[in-house]
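> this is a predicted model, with the sequence first.
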Amino acid sequence: MLELNYFDSIKIGLASPEQIREWSKGEVKKPETINYRTLKPEKQGLFCERIFGPVKDWECHCGKYKRVRYKGVVCDRCGVEVTKSKVRRERMGHIELAAPVSHIWFLKGIPSRIGLILDMSPRSLEKVIYFASYVVIDAGNTTLMKKQLLNEREYREYRDKYGNAFRAGMGAESIKELLAEIDCEKLSKELRVELKDATGQKRVRLLRRLEVVEAFKKSKNKPEWMVLEVIPVIPPDLRPMVQLDGGRFATSDLNDLYRRVINRNNRLKRLLDLGAPDIIVRNEKRMLQEAVDALVDNGRRGRPVTGLGNRPLKSLSDMLKGKQGRFRQNLLGKRVDYSGRSVIVVGPELKLYQCGLPKEMALELFKPFVMKKLVSDGHAHNIKSAKRMVERVRPEVWDVLEDIIKEHPVLLNRAPTLHRLGIQAFEPVLVEGRAIQIHPLVCTAYNADFDGDQMAVHLPLSAEAQAEARLLMLSINNILKPQDGKPVTTPTQDMVLGAYYLTIERPGEKGEGKYFSSPEEAILAYEIGEIGLHALVNVRITRNIDGRQQYKTIKTTPGRIIFNEGLSQDLGYVDRTKEENLFELELNTLVDKSLLGDIVERCYRLHGTTVTAEVLDRIKRKGFDYATKAGITIGITDIEVPEEKEKILSEADEKVDQVELLYRRGLISEDERYEKTLDIWTASTEEITEALMNTLDPFNSIYMMANSGARGNKQQIRQLAGMRGLMADPSGRIIDLPIKANFREGLTVLEYFISTHGARKGLADTALRTADSGYLTRRLVDVSQDVIVRETDCGTADGIMVKAIKDGSEIIEDIKERIEGRYALEDVKDPHTGEVIVHADELITEDMADHIVKVGMKEVKIRSVLTCRTRHGVCARCYGKNMATGKPVDIGEAVGIIAAQSIGEPGTQLTMRTFHTGGVAGQDITQGLPRVEELFEARKPKGQAVITEVGGTAKILETKKKREVEITTPTGETKVYQVPYGAR
């Protein structure tokens, strides 16, 4: 056998019948597997020891030769070679077919290779191979054409007419004969000549044919090898058969498929020997062809062959393809040593770069390191005794372990790893218990929560791996998203709620308006209960300016003083160049989620990683602390239904009745009635939401949660205390009867029933979306994985002009976002003064971008990867800055994969539905994930253009969300058509 562990590359090609026979150690003639009484393999069967080697090491089938001393002896009684049983993993057999059969891959693959090389359509090939039509092999001197198809009747007529002057046949043997006649050299020349003056579809077809012919020529494979005479039988240990507890046998599906082939082949041989009628033989040949098809690729043609419980059997192709196939499951996805997995829990006292590792797990992961250290420190004399110490968990083992993990980062990964933030490095801290603890701020990057999620731990072993983990993968080096450069470790949920509660002010709070000589005194007064946390008080601030102490009194709350303690006071929220602002607190306002995100971003830009990590940890600690002290919770009394609701609903009902009346009188169409009804209910729902938001107390728990951005939103509060509003039916059409109740009042049976559609569709969508999004990411990575930053500058003189992306009057992405972090292609000058804002080949910083926007420039020419001249990749200048670091991109950065992940990761949050616009000229607009796929595959979107029924002058009317075209006819009539939002 070859040495399989060392090879440079592997080539896949067609096997000739001779080669298959050469691989084989013998022919499998019987469909038997093993004898159920003796449990020994049957002779000449699928598990035969004579062909595949002994079942037991150094022992022949009949037991005449046992032990290693007979190595290599072939038993004269049973014919089995005495050798290791391992050979049953590598020795192959073969089946000699009584009639040739086509290989389904080359027949049914797209494009059909046999079809291309013979210049026949796949449909006609199928008719011939499955014995439905005859094909003319040799027309002789008749009027027939070569490769012409004849049905049974025509064949008979021509036979009567021409006798044996022509040859025609059916089945794979005829196709084999046609393939054998092909001379690739000659055909290639002919095709090239034809190509010279071919156009359109014909040219495309010729090019495809030429591609296949050239491939055959180059690989020295023969076209007739696409039709099989001999079938290889893979080694028995790769398709095992094992006895279960109950005495039954479990077997690989392949054995069933092979048995079908052998049975049919033997039956065909017998029929041919008996000289059976043609029609019976033909049927048997077709069945043999189908059996071989099922063995190679079950389900590719017709209904798949099923086993117990209607489960399709796994064929040879299924063993290789897909996620569970040989390549992705076993070759790319091996299990690794030095890894473990466990449930995750929150570790609020950890630093941002730490994770809690269970002691037992850490000991097992670091076992070899611990053993080495035990020996070098003199706790054990040799490795063996060190191993024993570790296994018995002696007290000194823990001290050694503590020492080792100090400087050794571990990698944490949560599946599914949708982008590169799905694997990050942390410094381990030993914890009791059996759960991994992770820092609450890295949850967003992992998309993790603590409802039972599991995570895997991996250990980087080599010095290089540890250095990379520490420098590139440590969680504090991954504060920004690689997609857009926005911070990913922003406080969420409880931390946001705590910060919001801490910085809110409450009029009339205890101690309001009091004066304090210093922030410390104000906090002391709060701690002893003299003033409330939210009271607006006057505090004297002392600052050292030019060596002199100066004082000023400012209005603030104790909560805001506490919040500002953890922040550096130079984030730019207050203009410190003005003297009166020197005493102000950096943030003397109410803090919500978006502001916290902004704080993190500014802090990172101004102070870098380390300071940001410290600030984040301080915000986290205060957030959790005050969210706990706030005692915010939800009670049923927090859900207050606004008093105006009844009035708004009865008004809406009256309006709907009016519309109904107009419809019944025939003054408006069904579509208009539907549109108007929806508009009325949408407006009423909005009105109720407004009323609800105005009635809620700013200290209402639910309101605080939603307003701070900690959890929930306006829509959810509306459903709890306002009204649920309009719902969609299973097809996605909005039902014009709204749900007037809310969850606080409770739904009627009908309302509940209508609601179930939406809920179920949501669940089904999520499941489908995850799979589709994963597949999209996979395809994107496949095409972009070799796009790497190869050089600093490719020296191109090309670039692209960018301007704000608009939809109607709505700006989707402004010019600042598009140019910041890119290199200017040419000098960017102020149009008024002619002063150069950015020089050519200079990185456009945020300040420069702001300046460009300020002087009113609408477009800028920048370097772009679309015009980069670097071969096999892109250059750093054309790419711009690395979003994850905010600095120019380094050479070697895999920007293609980052781009693929940046689209794939949010893909799971996109919608799957096609959007339904009820009404007249409305139509389905593909949105969400299907639209993204359409864009990448450059497909034409489905949906026809709106066609006007009247002629005249067109006028386009645009609002923020819709665009209408008004057609005025020469007689002065007007007709309005709605054009889908986003259409051009």
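Here it is on my side, so go on.
> isn't Gln493 right up against Gly712?
No - using Cβ atoms under 8 Å, Gln493 is not in contact with Gly712; the gap is 10.5 Å. Using the backbone N, CA and C atoms, a C-beta is placed for each residue, glycine as well.
> out of the two, which sits in the busier spot?
Gln493 (19 against 16; other Cβ atoms under 10 Å).
> pLDDT below threshold where in the stretch 851-984 of the chain?
Applying pLDDT under 70 to the stretch 851-984 of the chain picks out residues 910-927, 941-945, 959-962, 980-984.
> ok, Asp729 touching Asp736?
No - in this structure Asp729 lies outside contact range of Asp736 using Cβ under 8 Å: 10.3 Å.
> which residues does Thr770 contact?
Thr770 sits next to 416, 908 when contact means Cβ atoms under 8 Å, 6 or more residues apart in numbering.
> return the distance of it relative to Gly631.
Going from Thr770 to Gly631 by Cβ to Cβ, to the nearest Å gives 38 Å.
> again with Ala362
The spacing between Ala362 and Gly631, counted by Cβ to Cβ, is 37 Å.
> rewinding a little: can you pick out the residue with more neighbours from Asp729 and Asp736?
Taking neighbours as other Cβ under 10 Å, Asp729 and Asp736 compare with Asp736 leading, 17 against 13.
> assign the closest residue to that one other than its chain neighbours to helix, strand or coil.
If the residues on either side of it in the chain are set aside, Asp736 comes closest to Thr677, at 4.4 Å by Cβ to Cβ, 6 or more residues apart in numbering. Secondary structure state of Thr677, per DSSP: H, G, I helix; E, B strand; the rest coil, is helix.
> Thr677 and Val656 touch, don't they?
Yes - assessed by Cβ under 8 Å, Thr677 is found in contact with Val656 at 5.6 Å.
> neighbour-wise, which of the two wins?
Thr677 (22 against 19).
> got the contact list for the more buried one?
Each residue near Thr677 by Cβ under 8 Å, 6+ apart is listed here: 656, 659, 736.
> neighbours of Glu646, how many?
By other Cβ under 10 Å, neighbour count at Glu646 equals 11.
> is it in a helix, a strand, or coil?
helix.
> who has more neighbours, Ala362 and Gly631?
The neighbour count for Ala362 versus Gly631, taken as other Cβ under 10 Å, is higher for Ala362 (26 against 8).
> what distance do you get for Ile182 to Asp119?
Using Cβ to Cβ, Ile182 is found at 10 Å from Asp119.
> higher neighbour count, the two?
More neighbours surround Ile182 than the other of Ile182 and Asp119, with 15 against 12 (other Cβ under 10 Å).
> can you pull the contacts of the closest residue to the more buried one other than its chain neighbours?
Ranked by Cβ to Cβ, 6+ apart and with sequence neighbours excluded, the top spatial neighbour of Ile182 is Pro223, at 5.1 Å. By Cβ under 8 Å, 6+ apart, the contact set of Pro223 is 114, 117, 179-180, 182, 184, 216.
> which other helices and strands does the longest strand seen in the chain contact?
In the chain, with assignment by DSSP state E, the single longest strand is strand 92-102. If you count contacts as 3 or more Cβ pairs under 8 Å, 6 or more residues apart in numbering; DSSP states H and E, strand 92-102 packs onto helix 17-23, strand 24-27, helix 172-180, strand 227-233, helix 253-274, helix 278-297.
> thinking again about what came up before, what do Asp729 and Asp736 both touch?
Common neighbours of Asp729 and Asp736 (Cβ under 8 Å, 6+ apart) do not exist.
> can you count the residues close to the closest residue to Gln424 other than its chain neighbours?
Spatially, and ignoring its direct neighbours in sequence, Gln424 is nearest to Ser475 (4.7 Å; Cβ to Cβ, 6+ apart). Ser475 sits with 25 neighbouring residues when counted by other Cβ under 10 Å.
> now do Ser475, the pLDDT please.
At Ser475, the pLDDT value in this model is 91.
> which residues touch it?
Counting by Cβ under 8 Å, 6+ apart, Ser475 makes contact with 352-353, 424-426, 439, 442, 445, 489.
> what do you get if the cut-off is 6 Å, keeping everything else the same?
352-353, 424, 426, 442 (Cβ atoms under 6 Å, 6 or more residues apart in numbering).
> what's the closest of those to Gly532?
Ranked by distance to Gly532 (Cβ to Cβ), the contacts of Ser475 are led by Leu352 at 32.2 Å.
> tell me the secondary structure for the closest residue to the closest one other than its chain neighbours?
Excluding the flanking residues, the one nearest Leu352 by Cβ to Cβ, 6+ apart is Ala613, at 4.5 Å. With three-state DSSP as the basis, Ala613 sits in helix.
> pLDDT at the residue nearest to Lys314 when sequence neighbours are not counted, what is it?
Using Cβ to Cβ, 6+ apart and skipping the chain neighbours, the partner closest in space to Lys314 is Asp253 (4.5 Å). Per-residue confidence at Asp253 stands at 94 (pLDDT).
> quick one: Asp253 from Val828, how far?
Counting by Cβ to Cβ, the gap from Asp253 to Val828 is 66 Å.
> in what helix or strand does Leu144 lie?
Under the criterion DSSP states H and E, no helix or strand holds Leu144.
> and it, how many neighbours does it have?
Neighbour tally, Leu144, other Cβ under 10 Å: 20.
> okay but it is in contact with Tyr134, surely?
No - proximity of Leu144 to Tyr134 does not meet the contact threshold set by Cβ atoms under 6 Å, at 10.4 Å.
> where does pLDDT dip in this structure?
Ranges of the chain meeting pLDDT under 70: 1-3, 910-927, 941-945, 959-962, 980-984.
> quick revisit: now, which of the contacts of Thr677 lie within helices?
656, 659 (DSSP state H).
> list just the nearest of the contacts of Thr677 to Ile129.
Using Cβ to Cβ, Asp736 is the member of those that lies nearest Ile129, at 56.4 Å.
> list the contacts of the closest one.
If you count contacts by Cβ under 6 Å, 6+ apart, then Asp736 has 674, 677-678 around it.
> what does it show for phi and psi?
In terms of degrees, to the nearest 10, the main-chain angles of Asp736 are phi -80, psi 10.
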